[in-house]
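Student: One predicted model, sequence on top.
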Amino acid sequence: MSDFILEMKNITKTFPGVRALDNVNFSVKRGEIHCLVGENGAGKSTLMKVLSGVYGYGSYEGDIVYNGEVQQFKGIADSEAKGIGIIYQELALIPELSVYENIFFGHEIIKGRSIDWNETISRSSDVLKKVRLDIDPSTKVKNFGVGKQQLIEIAKALSKDVKLLILDEPTASLNEDDSENLLKIIRELKEQGVSCIMISHKLKEVIEIADTITVLRDGATICSMDVTKEKINEADIIKHMVGREISNIYPERENKNIGDVIFEIKDWTAYDPKKGREILHKVNMNVRKGEIVGLQGLMGAGRTELALSLFGNTPGYKITSGELVLDGKTLSIKSPKGAIKEGIAYVSEDRKGNGLVLIQDVKYNNTIANLESLTKGLVINQNEEIKIANEYKESINIKTPSIEQKVGNLSGGNQQKVQLAKWMFVSPKILILDEPTRGIDVGAKFEIYTLMNRLVEEGMSIIMISSELSEVLGMSDRLYVMSEGTITGELTREEASEEKVMALAIKSE
Amino acid sequence: MAEINETAVEEKVSLGKELKTLAKKNLRDYMMYIVLVAIVIFFSVVTGGKFISAGNISNLFNQAAYVAVLAIGMTLILILRQIDLSVGYVAGFSGAIAAILLTNHGWPVYLTIPIVLIIGLCVGLYQGLLVTRVGVPAFVTTLAGMFIFRGLLGVATSKSGTIVIKNDAFNALNNGFIPDINIIPGVHFVTVLIGIIAVCLVIFTQIKARRNKEKYNFKVVSLPIFIVTLALVSVVIMVIVTVLAKWHGIPWSAVIVAVILLAYNFMLNNTRLGRYIYGIGGNDQAAELSGVNVKNVILFAFCSMGVLASLAGILYSSRLQSATPTAGAAFEMDAIASSYIGGVAVSGGVGKVTNTIIGTLVIMSLTNGMNLMGVDTFMQYVVKGIIFILAVAFDVTTRKNN
C-alpha cells in the first residue's frame, strides 16, 4: 500500500459563476495529522465536502484516491462506510438524547428486530475511554459544555471505526484548556493509527500539532509544508495564506488618548436561578474613556455572563448586590433597550444565533438598534436609512454586492462588520465586544482591530472579551482576568504576559 | 443610423435583463397573481360569466370581508412565528354579544361596536399575556381559547338559538353600499369618483417616492417598467370600479377592509413597530439584544388579533343579520390559509398584508366560484386544501433555491 491514505488529484469544483476549487492537489500520509489552513472562502470547507461526498461524484472534476482506490462517493454514507468521518464546526448532537443514544445515532446496534441498548451502552463506554471522557453515558448531552460535546462527537466518529478523521475548526469555540485536551486526544488517536485532517484558524496550535500543513488560497493549493522536517513559524503561514506579509497582526494605535474613568462596576454579584448558584461574585472593574480593556478568562469563567448582566440582563439573573456607574451616574438598567439608551452596547459572540437577523438585509441590520434616530413622527425615513447603510458599507469596507443583500449570505468577517456597523450607528459610550474575531480570517481580523482602534481614538471605550490570549494581549490597554465568576487580577499592557494571564485565569479561591 | 440602432438594441437587452431579474426576485408574488387571474378566468368561463357579474363581485367582497380582516391580523401573528387558533370562535362569540346587545337590550350601534371591539381587545390581552408573560406556547393558549369561546358562544345563544338582528345601520356594514349622488342614471357616480381619486393617489405617491429616491441617487426601476406597472395597477382599479359602479357601488365592507389594510401595510413598512415584527420573526434573540421589547411586540400582535377577530365577528353577523351558535367554525382555517397563500413564510419573519389580501381573494374566489357551480361544501374543503398545500410547497421550494 502506498504511503498516502488519501490523495485528491486535480480537484476542480465550480458553482454557478464561481470556481470554488481550481485544480487542487491534496495528499494525506497514513497516520499523520494534516492541517489545512487558509482564509475564509479559500475553499477548505468545499474541499472537505467533496471528500466526504456532500458534493457527490460527478459534481466535481478530478480524482479522490483513498486507500489506493479511486472513490466515487455519492453521499456521506458512502464515505463513512469507507472510514472517513467528518466533524463540523457546528456540533451535530441532539441535546435531549443521552450520550450513548447520540454516539450510535444513525447506526444503531440491532439485535433481532430491536435496538440492543446494553451493547450500545457498553460500546459507548469503550469509545468514550478512547477520548478520555470519564462520564456516565446515560447523561443527556445538553448537560455538557462545548468542550466535552466536541469529544463526544469524536467518540461518535470512532464508534464508526473511522480511519480518516476530518475536524472543521474543532477548537474555535473551546477555551485554552479544552483545546489543549482536544489536541492531546487527537495525538493519541494518531498513535492508534487514525489519520487526521484538521481545519483551523489558530496558527499556534496548527504549528504545535501538525505533521504537514497545506495552505489553500482562492481555491488553489499554495503549498504543503512538512513540519517534521523544516521549522515553520506563524508569519510564514500567514504570508502564504494572504499572499502578502502582514508585519504586525495587531495594528498600532496612533494617538492614544485615554481619559478619566467613565464606567465602573462595584461588587457586582449575580445569581443564576436556572443553575441555582452564584455566577458572578463581587466583580469590580472600571473602564476609562478611549481605552480598550481586555477581559480574559477560561470558558465558563463568567465573562459573557458579566457582559449580559450589564447589558440589560436578558438571561434573567438576580443581581444580589453591586452598583453600575456610568459617567458619574449610578444606573439601574432593566433591559437591553435601557442599556442602549444609557450608552452601553453589546456585540454578541454568537452573531448568527443572537446577533443578526440573517434573513434580513444589511441595511435592516445596520439600523435596527437605532431606528429612533431615523423616525419622524411615526414614519421611518427609508431613504435616509439607505444612505446611512451605504456610508457604513464604504467606511468600514463591508464586502457585499449591495446593502440589500441578506446578511445570511455574507462571509463571517463581513457579518461581523455588519454587527459593528449596527452598534457604531448607536454610538455608545461603552462598547462590549464578545469574541469579536471568532471564526473570521486573518485579513478581516486585521480590519476589525483597526476599526477598534479608530473607535477608541474617537473617544469610545471598549471592553473586549476574547478567548484568544494573543489578541487580548495585543489589543488591550489594560486587562482583567476572570476565574469562577470573579476578577482574579488586573494587569496593564506592560505587565501582561501569557504566563501571568494564564496563572490568574486558573486561579480559584 | 447604425449608431441609433445600436443604442436601441442595447436598451432593449438591458430592459429584458431587468425584467428577468424582477421576475426572478418576485417569482413568488407574480405566481400568486397569475393563480388568482387563472381562478377568475376559470370560474367566469364555467359559470358563463356569472362569476364576474357586478352582483357577484359585490357579493364576493362581502363574503371575503371577515376573512380578510382575520387574515390581516393573522399575518402579523404568523410573521412572529406564533399562531392563533381561537380567532374563529372569538369572532363567533363577538357576533353573538353584538346581537344580544342590539336585539335583547336595544343598545345603539355606536355603543355596541366599541364595546364588542373592547371585548376582543381583552381576549387578545388575555391570550397575549399568557403567551408572553406566563410562557404558555401560543398553540396551546389559543387551542384552549378555541374551547372556551366555542363554549361561551354556545352559552350566549343557548336560550334563543339564532339571534336575529333588526338594526339596519348594523346590517348595512356588510350588506350595504356607500351612498350616491344621482348625477348619471344607472352609474354609481361616487364609486367612479373614488376610483379616479384612488388612481390619482397611486400615481402621485409613486411618482413622489420615485423622485425622492432619485434625489438620493438611488437605483429605481427603469422608466418603461415603472409606467407599465402604474398603468396596469390603474387599469385593474378602474375595471373593478366600473363593474361595481354599474351595480350598487362600493360595498361598505370593502371600505372597511381597505382602511384596515392600508393602516396595517403602513405600520409594517414604515414604522418601528413593523420593523420589530419582522426582526422578531427572523431572530427574536437578536431583536431583543438590539433593544426591542420582544414581549410587548408579541402582546401587541395578539391584542390586534383580538380586536380584528371581534370586528370579523361583527361583519359576519351583520352579513347574516343574525348571530348563530355555529358562527366562527373554521374561520381560522381560511385566515391562516390566506396568509400562507399570500406568501407569509412558514419559518416566520417574512410576509406582507397586501399579499395576504390576494391570498384571501384566492381562497374566497374558490369558495364563491364553487358555490356558484354547486360543488358540495366538503369537496370545497378538499380543493382549498390542495391549493393551500401547493402554494406553501411552491413557497418553500422557491425560498430554498434563493
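Tutor: Yep, that arrived.
Student: So, low pLDDT: which residues of the chain?
Tutor: Just so you know, I chose chain A. Counting by pLDDT under 70, chain A shows low-confidence ranges at A:1-2, A:16-18, A:40-41, A:173, A:244-248, A:508-509.
Student: try again with chain B
Tutor: B:1-13, B:401-402.
Student: how deep is whatever residue of the stretch 1-150 of chain B ends up closest to chain A tucked in, by neighbour count?
Tutor: The minimum distance from the stretch 1-150 of chain B to chain A, using Cβ to the nearest Cβ, falls at B:Lys25 (10.2 Å). Every C-beta, even on glycine, is put in place using the N, C-alpha and C of the backbone. In terms of burial, B:Lys25 registers 11 neighbours under the definition other Cβ atoms under 10 Å in any protein chain shown.
Student: go on, A:Tyr88?
Tutor: 15.
Student: Look up phi and psi at the nearest residue to it once chain neighbours are set aside.
Tutor: Counting by Cβ to Cβ, 6 or more residues apart in numbering or on different chains, A:Tyr88 lies nearest to A:Asp168, which is 5.2 Å off, once chain neighbours are set aside. The phi/psi pair for A:Asp168 (degrees, to the nearest 10) reads phi -100, psi 110.
Student: go on, A:Ile86?
Tutor: For A:Ile86, the backbone dihedrals are phi -120, psi 130 (criterion: degrees, to the nearest 10).
Student: correct me, but it touches A:Leu164?
Tutor: No - using Cβ atoms under 8 Å, A:Ile86 and A:Leu164 do not qualify as a contacting pair, with a distance of 9.2 Å.
Student: Could you tell me the end-to-end distance of stretch A:473-484?
Tutor: This stretch, stretch A:473-484, spans 21 Å end to end (Cα to Cα, to the nearest Å).
Student: Kindly report the same for stretch B:212-227.
Tutor: In terms of Cα to Cα, the two terminal residues of stretch B:212-227 are separated by 17 Å.
Student: Tally up the residues packed near the closest residue in space to A:Gly219 that isn't next to it in sequence, please.
Tutor: The spatially closest residue to A:Gly219, leaving aside those adjacent along the chain, is A:Gly43, at 4.2 Å (Cβ to Cβ, 6+ apart). Using other Cβ under 10 Å as the criterion, A:Gly43 is surrounded by 24 other residues.
Student: A:Ile185 now?
Tutor: 18.
Student: Skip ahead from the strand or helix carrying it and say which helix or strand is next.
Tutor: When elements are defined using DSSP states H and E, A:Ile185 is found to belong to helix A:176-191. Next in sequence after helix A:176-191, counting helices and strands by DSSP H and E, comes strand A:195-199.
Student: For that next one, which strands pair with it and how are they oriented?
Tutor: Sheet pairing here is set by DSSP bridges, and for strand A:195-199 it gives strand A:33-37 (parallel), strand A:164-168 (parallel).
Student: Out of those, which is the most enclosed?
Tutor: Of all the strands paired with strand A:195-199, strand A:33-37 carries the top mean neighbour count, a mean of 26, counting by mean count of other Cβ atoms under 10 Å in any protein chain shown.
Student: tell me the angle of the helix or strand following it relative to strand A:164-168?
Tutor: Counting by DSSP H and E, the next helix or strand C-terminal to strand A:33-37 is helix A:44-52. Angle of helix A:44-52 versus strand A:164-168, following axes from the mean of the first three to the mean of the last three Cα atoms, to 10 degrees, is 150 degrees.
Student: which helices and strands sit right next to helix A:44-52?
Tutor: strand A:4-15, strand A:18-29, strand A:33-37, helix A:76-81, strand A:84-87, strand A:164-168, strand A:195-199 (3 or more Cβ pairs under 8 Å, 6 or more residues apart in numbering or on different chains; DSSP states H and E).
Student: quick one, it and strand A:4-15 angle?
Tutor: 120 degrees.
Student: Show me the contact partners of helix A:44-52.
Tutor: Residues outside helix A:44-52 that contact it (Cβ atoms under 8 Å, 6 or more residues apart in numbering or on different chains): A:6, A:8, A:11, A:13, A:20-21, A:24, A:26, A:36-38, A:55, A:60, A:64, A:73, A:76, A:79, A:84, A:86, A:166, A:168, A:197, A:199, A:216, A:219.
Student: Quick one: name the residues of chain A near chain B.
Tutor: Counting by Cβ under 8 Å from any Cβ of the partner chain, the positions of chain A adjacent to chain B are A:311, A:314, A:335-337, A:339-341, A:346, A:348, A:353-360, A:364, A:368-369, A:371-372, A:375, A:378-380, A:382-383, A:386-387, A:422.
Student: Which of the residues you listed are buried? Put it as a PyMOL command.
Tutor: A single PyMOL command suffices to select whichever of the residues of chain A next to chain B are buried according to 16 or more other Cβ atoms under 10 Å in any protein chain shown:
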select buried, chain A and resi 311+314+335+336+337+339+340+341+346+348+354+355+356+357+358+359+360+364+368+369+371+375+380+382+386+422
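Student: In helices only, show me the residues of chain A next to chain B.
Tutor: With helices taken from DSSP state H, the overlap with the residues of chain A next to chain B comprises A:Pro336, A:Lys337, A:Ala339, A:Ile340, A:Lys341, A:Tyr364, A:Gln382, A:Asn383, A:Ile386, A:Lys387, A:Lys422.
Student: sorry, back to before: the residue nearest to A:Tyr88 against A:Leu91, yeah?
Tutor: No - under the criterion of Cβ under 8 Å, A:Asp168 is not in contact with A:Leu91, lying 10.7 Å apart.
Student: As a check, name the ranges of all strands in chain B.
Tutor: Remark: strands of chain B, listed N- to C-terminal, are B:163-164, B:322-323; assignment by DSSP state E.
Student: Determine how far the first one lies from the middle of the whole chain.
Tutor: The one in question is strand B:163-164. In terms of Cα atoms, centre = their mean, to the nearest Å, the centre of strand B:163-164 is set 28 Å apart from its chain centre.
Student: Same check on stretch B:61-81?
Tutor: Computed by Cα atoms, centre = their mean, the chain-centroid distance of stretch B:61-81 equals 5 Å.
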